[in-house]
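1. Sequence and predicted structure are below.
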Amino acid sequence: MTSDAALPVRAVCPGSFDPITRGHLDIICRAAEVFSEVVVAVGRNTTKNYMFDLDERIDLVTDAVSELPNVRVAAIEGLLVDFCRRQEARVIVKGVRFGSDFDYELQMAQLNRALSGIETMLLPAGREYGTVSSSMLREVAHNGADISPFVTPAVNRAVLAKVGR
């Protein structure tokens, strides 16, 4: 057993957050209960088509976590492990919804640890939002359905503005 002084105090919750959902917020809030500081790293994934640009996503995430005093938001460029080193974070926190998420995140966790020694904590998605994804919500909104139960009011307004409603 290690002493409390050896435990990591800063964690990084990375994602593209296009847009941030209540499922994302659940993982961030739970991480904020475990770590003294959480950095929400908003990044770009070259395989994704975004509804919101990076600055818009950062603004929406910042608004969503504004009442969490030990959470801050930053843009990520390059490798996640390099970002973690710059932030002096020793843990990456990721949410997983399904077995396929777990399989992918396990591979990434092992690679990140091999590259840098940084550990990954996988948190299962909460029951209420475990089947929700940003891409699913974007599609639902484009087709005129109400996504307000799954996002913050600010995100709902921003999505509605993007889809022209």
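-> Arrived safely, thanks for sending.
2. Check which residues of the worst-scoring helix or strand of the chain on mean pLDDT are buried.
-> The least trusted helix or strand in the chain, going by mean pLDDT, DSSP states H and E, turns out to be helix 99-116, with a mean of 89. Neighbour-count burial for helix 99-116, with 16 or more other C-beta atoms under 10 Å as criterion, is recorded at 101, 105, 109, 112, 116. C-beta: built from backbone N, CA, C; applies to glycine.
3. from those, which single one is nearest residue 9?
-> Nearest to residue 9, judged by C-beta to C-beta, of the buried residues of helix 99-116 is residue 116 at 17.5 Å.
4. Give the closest residue to the closest one in space, chain neighbours not counted.
-> Nearest residue to residue 116 in three dimensions, chain neighbours excluded: residue 81, at 3.9 Å (C-beta to C-beta, 6 or more residues apart in numbering).
5. okay, now the one you found: neighbour count?
-> 19 (other C-beta atoms under 10 Å).
6. likewise the one 4 residues further on?
-> Residue 85 sits with 14 neighbouring residues when counted by other C-beta under 10 Å.
7. Might you report the residue contacts of it?
-> 116, 118 (C-beta atoms under 8 Å, 6 or more residues apart in numbering).
8. Over to the one 10 residues further on?
-> Taking C-beta under 8 Å, 6+ apart, we find residue 95 in contact with 23-24, 26-27, 101, 122-125.
9. CSV for those, including distance to residue 63 and secondary structure?
-> Shown next, in CSV, are these (distance: C-beta to C-beta, whole Å; DSSP: H, G, I helix; E, B strand; the rest coil):
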residue, distance to residue 63, secondary structure
23, 17, helix
24, 13, helix
26, 16, helix
27, 17, helix
101, 26, helix
122, 26, strand
123, 22, strand
124, 26, strand
125, 22, coil
